[in-house]
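S.K.: structure of the sequence below:
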Amino acid sequence: MEPCFAKKMGKCGALETGCPGYENCPFYRTREQVDESRQRAMARIVGLPLPEQVYIADTYYQGKMPWLPGYEGV
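M.R.: The predicted structure follows:
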């Protein structure tokens, strides 16, 4: 089984408790699955009206819009 994206230095970064094992973990995803999910999320943000994109950028990305290549914010 491929390693989980959240496992860092032998510990789970998604859960405060120890890793329950890949078969029993509801958060288990491969790095590829996580990357695909992030790409889909960025595509959804691109489709939003600009004021909503600015709100998301200010709230979660320190004013940057990584979904728009080359845009660094104000």
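
S.K.: now do the buried residues in the longest helix seen in the chain.
M.R.: The helix that spans the most residues within the chain, counting by DSSP state H, is helix 31-46. Under the neighbour-count criterion of 16 or more other C-beta atoms under 10 Å, helix 31-46 has residue 45 buried. To be clear about C-beta, it is placed using only N, CA and C from the backbone, and glycine gets the same treatment.

S.K.: show me where the chain has its strands.
M.R.: Using DSSP state E, the strands of the chain run over residues 7-8, 11-12.

S.K.: now these as TSV including mean pLDDT and mean neighbour count?
M.R.: Converted to TSV, those look like this (pLDDT from 0 to 100; neighbours: other C-beta atoms under 10 Å):
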stretch	mean pLDDT	mean neighbour count
strand 7-8	76	12
strand 11-12	76	14
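
S.K.: closest one to residue 67 among those strands?
M.R.: strand 7-8 (25.6 Å; C-beta to C-beta).

S.K.: from residue 28, how far off is residue 6?
M.R.: To residue 28, residue 6 is 8 Å away according to C-beta to C-beta, to the nearest Å.

S.K.: neighbour count: these two, which is higher?
M.R.: Between residue 6 and residue 28, counted using other C-beta atoms under 10 Å, residue 28 has the larger neighbour count: 21 against 17.
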